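> Test case, fold it:
(chains A and B)
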Amino acid sequence: MRFASLFVLLLILISINLYAIDNFNISGLNEAIYVHKIVKDSLKNYFSDEFNFRIDYNKFSFGMKFLAWLPKYDRYSAISELSSNNISYKWDERFVSYYSDNFSVKAGTFEEVFGSGIVLRAYQDKDFNIDNRLEGLSLKCSGDKFNVKAFYGALPNKNAPSKNDIASGIDIDKEILPGVKFGTSFASLRELQPDKKYNQQDVLGCRTNLNFSSLDMTSEFALTKKYHGISKEGKAIYANLNTYLGKFTLSSGYKYYHNFDFRLNDVPTVNHSLEPLFDTPSGRAEEGVLGEIRFMPNFSDEFVLNYSESWNSNFKIRQSDLYFESHHYLDSFDVTTSYSQIEQINKEWENWEKEITPEISFDFFIHKLPVMIKAEYQYFEKEHQEISESHYEPLLQCDCVYKDISFSIIAEYSYKNLDELWDNPLWIGAEVKVPIFENTDLILFAGKEKSGKVCRNGICRYQLRFKGLRLELTTSF
Amino acid sequence: MERKILIISLFVFVVCNSLFALQVLPNFTLEDANGKKVKSSELVGQAPVLIDFWATFCSPCMKELPELSKLQTKYDTLINVVCISVDKPRAVAKAKAIVKSKKFSFTTLFDCNKEVQNLFNIKSIPRTIIFDKNGNMVYDHTGYTKGDEVHLEEQLIKLLNKNVGSDSLEVNEQKIILEEKNIIDDNEKENIKENKGGQE
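Okay, the predicted model is just below:
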């Protein structure tokens, strides 16, 4: 106990005295979350904490991220396997880095992207449970008209997480004329197979970027080859063009992927809703186009119309995405309306789905009190092997701010037809956001909410379906 | 026992840092909408910097951007408004189209590899941070609801008025711009009149 007290005292002294050193800075974030989850197969009470810090001294940095759970929620575990005393923790991220204006090097956990992500994107996205960050060495070197990136790293194998796959890559881009850039990249991944042999996959790509006042364009072409095991070759083409013609902006996009599934990339979806044609793996065999018109007749009005189509190689899987949006901005009153329609047909599985979402939102003041009201009326229709079903999901949301306290209440409902309009329970979720100290925010949510993107109290996040109480305490320093 | 020590240590570390931390603008380099490299060190030194993190999928962000553009236009060279898009690489073209079509007056940077997001520990967007001209953080706010721009402007005026105490030529020029824009403290207006008289 004496040791613990001395250790804590020492830490306080170190923390205070370090700030006296010039060019020394400590920054970080602590996010503590308590959840009371109303799920039949759970312990109901969960606590988690994420703490990360970064120490900068001159051009050197060191950082770590610590995660702890008490207990960790696992939706697939039986209740007999769960224990409220089961504390688990891990150091999720560690790095040391050196940064100067033209050169940087990072050793440890890092994320990396080449171009639009077709050749390489090693990243973490907690909302979608994706983590293909690398552990290794990353180098960056740049001049006025060129950039070079290179890395060598490892990531856990998909089938045996205790074993590692090895990745490496290099990316060079150069401005060859004012506003014209040309880039080339190479990435390689050696994946460990169940027979303890490595399957190597290489990706080679090149890209062009044009940047002018009246237009900008990105075009990228990549080839992939898998060695050993099932030898396979694939290719990808992605292009995007924006043209600015006074009050109009015209945008178009094109994608073509053939046998282009690579664990360390993230191919563009080329549609407004960012919906891939295939859930996993993406980039198998698809093609698609997108067109968008943005019209701004004056400073207070804006209209957007976007349409895209995607299809697979034999046209048996197709997807269409239509989106319209209009904004009207005034000093004390804004109104936004939108209409979204996504339709997907899969003739191979005899499946058809349609999702229509009209939405209207108003932002205004009531006696200097900002208020936002949003109404949404989603309609889902599905047909699978001649069995069809449909339902409606209306939603009403009201957000307001009083002094520093933000309130949000969302009421959601689901019904199949008018006969059962009042038979189903209403889902109500309420959230309060309060800054309790200068650097600490408290967010309390209670109720039930569906999964997806949620914009509440002026913040947007992706949420999983939830029922219960959630208390978040976020401190940044 | 070890776990308790670890938890107490972390708690102490967080509390100490929250109390004594003075966060400074970190070093980074990102590309703007025209592909030009912008270094964070170039942003500070002359004027306060307002940094805003946004994305195309975030509707409150899209409502905030025109207000930030108005602030940049109004205060012109007195402040630097820098909006950093945190869109994924696949959505960068969309973000660029929005920024260029709306002709925003602020600088837009693209951070699709999350390098700067990680430096600022961005968990939710929009997040707006103001640094004084020496690069010290003076304001940090997450979220946007209509009317937040008024509070943001108050913070900027407070920061701009802080410099008015000095009598250097540069600051005197700034005082005159502030007066023209009617954003200066009343008690400073007298000093400016005197300075103008003296210069004539």
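> Smallest distance to chain B belongs to which residue of chain A?
Proximity of chain A to chain B (Cβ to the nearest Cβ) peaks at A:G458, 3.2 Å away. No exception for glycine: its C-beta is placed from N, CA and C like everyone else's.
> tell me the contacts of that residue?
Going by Cβ atoms under 8 Å, 6 or more residues apart in numbering or on different chains, A:G458 touches A:D399, A:V401, A:S406, B:P60, B:P126, B:T142, B:G143, B:Y144, B:T145, B:D148.
> now, which of those lie within helices?
B:P60, B:D148 (DSSP state H).
> Out of the contacts of A:G458, which sit inside strands?
Assigned to strands by DSSP state E, the following of the contacts of A:G458 qualify: A:D399, A:V401, A:S406, B:T142.
> tell me which of the residues you listed is nearest to A:T440?
Distance to A:T440 across those (Cβ to Cβ) is lowest for B:T142, with 11.4 Å.
> Just give the number of residues close to the closest one.
22 (other Cβ atoms under 10 Å in any protein chain shown).
> Is it bridged to anything, and to what?
Beta-bridge partners for B:T142, by DSSP bridges, are B:R127.
> And the pLDDT at the residue nearest in space to the middle of chain B?
Nearest residue to the geometric centre of chain B (Cα atoms, centre = their mean): B:L50, 0.9 Å. Reported pLDDT at B:L50 in the predicted model: 94.
> tell me the contacts of it?
B:L68, B:L71, B:I79, B:N80, B:V81, B:V82, B:T128, B:I129, B:I130, B:L152, B:L156.
> Could you tell me whether the second one really is in a helix?
Yes: under the criterion used here (DSSP: H, G, I helix; E, B strand; the rest coil), B:L71 sits inside a helix.
> Give me the pLDDT for it.
pLDDT at B:L71 comes out at 92.
> Reformat the contacts of A:G458 as JSON lines; add pLDDT and distance to A:S313.
Formatted as JSON lines, the contacts of A:G458 follow (pLDDT from 0 to 100; distance: Cβ to Cβ, whole Å):
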{"residue": "A:D399", "pLDDT": "92", "distance to A:S313": "45"}
{"residue": "A:V401", "pLDDT": "89", "distance to A:S313": "51"}
{"residue": "A:S406", "pLDDT": "91", "distance to A:S313": "49"}
{"residue": "B:P60", "pLDDT": "88", "distance to A:S313": "40"}
{"residue": "B:P126", "pLDDT": "91", "distance to A:S313": "41"}
{"residue": "B:T142", "pLDDT": "87", "distance to A:S313": "45"}
{"residue": "B:G143", "pLDDT": "87", "distance to A:S313": "45"}
{"residue": "B:Y144", "pLDDT": "89", "distance to A:S313": "44"}
{"residue": "B:T145", "pLDDT": "86", "distance to A:S313": "47"}
{"residue": "B:D148", "pLDDT": "87", "distance to A:S313": "49"}
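> And the residue in chain B that chain A sits nearest to, its phi and psi?
Residue of chain B nearest chain A, by Cβ to the nearest Cβ: B:G143 (3.2 Å). Main-chain dihedrals, B:G143, degrees, to the nearest 10: phi 100, psi 160.
> residue contacts, it?
Neighbours of B:G143 in contact, by Cβ under 8 Å, 6+ apart: A:S406, A:K433, A:N457, A:G458, A:I459, B:P60, B:S124, B:P126, B:R127.
> Distance check, it against B:V116.
19 Å (Cβ to Cβ, to the nearest Å).
> just to revisit the earlier point, now the residue of chain A closest to chain B. Nearest residue, chain neighbours left out?
B:G143 (3.2 Å; Cβ to Cβ, 6 or more residues apart in numbering or on different chains).
> Quick check: beta-bridge partners of A:A187?
Beta bridges link A:A187 to A:G169, A:V203 when assigned by DSSP bridges.
> my read: it touches A:S168, true?
Yes: using Cβ atoms under 8 Å, A:A187 makes contact with A:S168 at a distance of 7.4 Å.
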